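# predicted model follows, preceded by the sequence.
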Protein chains: 2
Amino acid sequence: MRKARRSGRVTLAEVAREADVSAITVSRALRDPEQVSQATMERIEAAVRKLGYVPDMAARALASRHTNVIGVLIPSVTNNVFSDVLRGIYDALDGTRYHLQLGNTRYSVLEEENLLRIFLSQRPAGLIVSGTDQSPATRAMLENADCPVVQIMEIGPDPVDMMVGFSHREGAKAAVTHLADAGYRRIAFLGARMDPRTQRRLQGYEDALRGHGLADPDLVVTTPRASSITLGGWLLGELLAKRPDVDAVFCNNDDIALGVLFEAQRRKIDVPGKLGICGFNDLEMMASACPSLTSLRTHRETMGREGIHMLIRSIEGDRPDERVVDLGFELMARESSAGPG
Amino acid sequence: MRKARRSGRVTLAEVAREADVSAITVSRALRDPEQVSQATMERIEAAVRKLGYVPDMAARALASRHTNVIGVLIPSVTNNVFSDVLRGIYDALDGTRYHLQLGNTRYSVLEEENLLRIFLSQRPAGLIVSGTDQSPATRAMLENADCPVVQIMEIGPDPVDMMVGFSHREGAKAAVTHLADAGYRRIAFLGARMDPRTQRRLQGYEDALRGHGLADPDLVVTTPRASSITLGGWLLGELLAKRPDVDAVFCNNDDIALGVLFEAQRRKIDVPGKLGICGFNDLEMMASACPSLTSLRTHRETMGREGIHMLIRSIEGDRPDERVVDLGFELMARESSAGPG
DNA sequence: TTGTAAGCGTTATCAT
DNA sequence: ATGATAACGCTTACAA
């Protein structure tokens, strides 16, 4: 009595029998039609269609010891910032033979570690991770991964392999310098979540204020809670309670900036006359708001796209010379920071 | 001469040798520690750690003919609506043994078909697809898939397997009825993208206006372009050029509604006195806006969470009795639709 | 509780 | 251009 445990799915062997060739010929025909004669190809195509053959990725991965899966680990799928990065990633993947495997770490280094372990067990062709603040274990796994790795969102001194991003600290410094140059003197920092990138933005804010002799720890209001528009309004309330004399706010991100604008409108505080506002990222809504909102534009789609490009070049043996790419940022000065008065 | 083509990775056999047991015992120990004696378990754990063993998912999938992968196909990763659904999905998956494989169809039935083909080649444990408007080929593949399938976002008469969503037509009808009840008489429809769900919302709008004797085809302004806040402002401009006497707008989604609000502020049109506004979905920003914006709340996270719950129950042989779950909607009446005058 | 043997569906290797 | 064969790393079926 045989131990049959077939799955019921059509296999290569069955297609081969139908087309009257060997299994390996079908395998080759499917992966690289060039290698097979015209006539054989046609018989195989007919057989595939007739039987409704679908290749089994697991068997393929096992036999070839590689996949076309690119693993991407990002801290959030709901945050607009990462949706834009994802759009760039999908764009760059389009038309290539690679598939995306997306992992949502929810801003937790532990979840990142677990997800990476799962990803590695699938033998990815390449990996993209966010930021530079991995746990030691994650770092070690990345360094030992037998595939290229790109860190996106940030640049730093010690890449695992490749990097594409920008300096959040320099970005924040530029934004706050803009507010100071516009004439604001009591410039606050409003921050939520306080993940590593937010921390670095806070440092940039402090750098700028120190440079202008305007530093004042009272003007920093933060919360570990996840950022939202509503939270922006709440943070402004907290700030005004502490420092009613504040004349500008640098917001850790655009959601908070928009929340601040709404709350200012509700309290009839003139923007930009009594309160200057500057956001971070320059999401699409910033230009549309009334008054339009100043923000520091970051190149999120490009980060995703460029990350994938670097990864694929690397996978295909054409390793980029530049291992660390700084995409920079651009200050979009608008009505909300036109100056006090 | 043997044909060795080992990958260099640590295998189950090596762990077994190290722990001085057979491979199958290691396999069992890893999948279900209960089946193995305490002492053996400890030796195996030590060996795994010592050698840094990582299971090979491909081999596992091939041998067992199933995976713990749940495939999810959604039309957009950047749209807030789907990010909320995704959050629900991730929540529900948390702590289970299932992984997510996410596919972005970009609102294209063709991409959906291709992605589904790829997904099926990985033998998913279950599938989630968005909406009810699949291509015939997609529909056929779903019906023949040897795993449970949940359609989310919408409900309809002919489920592939299970469904969780709500009626977009009824939702739109309720929203427009609210505007009419508030006293608005020339209620416009502003729509972007015009995917199937948007089309059904337009029908609901028409249902409501017909019921109130207020129908007027001139008041419908749509575009196939992807929706955005900026586009909301542009649509209001188009509408006002055609019908300056419009007194309310029902927006196909919240981005458009917010864009309309900003544009109205820019043109100094009083909201809600001269222009009532109602959105669709009730994203977080609607309650924060100034004036706060009326919207039809949809249960997006719940759709994702419930979809996964139904799927997992089904995978595990505990098929829900209710195959079609209507989550309904809730009208959130706010300042922006307080009535004309 | 543990082990043996066979098989999952594909591709690498070598041969013709 | 095509084929025979073994191998990929794991799990199922059956046995002890």
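That came through fine. Numbering: from 1, shown residues only, chains lettered A, B, ... in the order given.
# and the strands in chain A?
Under the criterion DSSP state E, chain A contains strands at A:69-74, A:99-104, A:126-130, A:149-154, A:162-166, A:187-192, A:220-223, A:248-251, A:276-281, A:294-298, A:324-326, A:329-332.
# can you flag the weakest of the ones you listed by average pLDDT?
Lowest mean pLDDT of those: strand A:99-104, a mean of 89.
# tell me the most buried of the strands of chain A?
Greatest average neighbour count among those goes to strand A:248-251 (a mean of 31), per mean count of other Cβ atoms under 10 Å in any protein chain shown. The way it works is simple: take the backbone N, C-alpha and C, and place the C-beta from them, glycine included.
# on that earlier part again, will you turn the strands of chain A into a markdown table that also has distance to DNA strand D?
Formatted as a markdown table, these follow (distance: least, Cβ to the nearest atom of the strand, whole Å):
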| stretch | distance to DNA strand D |
| --- | --- |
| strand A:69-74 | 16 |
| strand A:99-104 | 19 |
| strand A:126-130 | 19 |
| strand A:149-154 | 21 |
| strand A:162-166 | 27 |
| strand A:187-192 | 42 |
| strand A:220-223 | 44 |
| strand A:248-251 | 48 |
| strand A:276-281 | 42 |
| strand A:294-298 | 41 |
| strand A:324-326 | 33 |
| strand A:329-332 | 45 |
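# including distance to residue B:209, could those strands go into JSON lines?
Shown next, in JSON lines, are those (distance: least, Cβ to Cβ, whole Å):
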{"stretch": "strand A:69-74", "distance to residue B:209": "43"}
{"stretch": "strand A:99-104", "distance to residue B:209": "41"}
{"stretch": "strand A:126-130", "distance to residue B:209": "47"}
{"stretch": "strand A:149-154", "distance to residue B:209": "47"}
{"stretch": "strand A:162-166", "distance to residue B:209": "50"}
{"stretch": "strand A:187-192", "distance to residue B:209": "42"}
{"stretch": "strand A:220-223", "distance to residue B:209": "45"}
{"stretch": "strand A:248-251", "distance to residue B:209": "41"}
{"stretch": "strand A:276-281", "distance to residue B:209": "39"}
{"stretch": "strand A:294-298", "distance to residue B:209": "39"}
{"stretch": "strand A:324-326", "distance to residue B:209": "54"}
{"stretch": "strand A:329-332", "distance to residue B:209": "40"}
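# tell me which of those strands lies nearest to residue B:74.
The closest of those to residue B:74 is strand A:99-104. By Cβ to Cβ, the value is 11.4 Å.
# the closest one near DNA strand C at all?
No: on the criterion Cβ under 7 Å from any atom of the strand, strand A:99-104 is out of touch with DNA strand C, staying 14.8 Å away.
# what lies in contact with that strand?
A:68-77, A:86, A:89-90, A:93, A:111-112, A:115-116, A:118-119, A:122, A:124, B:86, B:90, B:100-102, B:118 (Cβ atoms under 8 Å, 6 or more residues apart in numbering or on different chains).
# go with 7 Å
A:68-74, A:76-77, A:89, A:93, A:115, A:119, A:124, B:90, B:101-102, B:118 (Cβ atoms under 7 Å, 6 or more residues apart in numbering or on different chains).
# that strand pairs with which strands, parallel or anti?
strand A:69-74 (parallel) (DSSP bridges).
# pop the domain breakdown of chain A in here.
Chain A breaks down into these structural domains: A:12-55, A:66-166+A:300-327, A:168-298 (assignment by automatic domain parsing).
# mind putting the ones you listed into CSV with distance to residue B:316?
What follows is the domains of chain A, written out as CSV (distance: least, Cβ to Cβ, whole Å):
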stretch, distance to residue B:316
domain A:12-55, 25
domain A:66-166+A:300-327, 20
domain A:168-298, 32
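# tell me which of the ones you listed lies nearest to residue B:169.
domain A:66-166+A:300-327 (27.1 Å).
# how far does that closest one sit from its chain's centre?
Distance of domain A:66-166+A:300-327 from its chain centroid, counting by Cα atoms, centre = their mean, to the nearest Å, is 8 Å.
# likewise for stretch A:157-168?
How far stretch A:157-168 lies from its chain's middle: 13 Å, per Cα atoms, centre = their mean.
# what ranges do the helices span in the stretch 101-250 of chain A?
A:109-120, A:136-144, A:168-181, A:196-211, A:229-242 (DSSP state H, counting those that start in this stretch).
# average pLDDT for the third one?
Helix A:168-181 shows a mean pLDDT of 98 in the predicted model.
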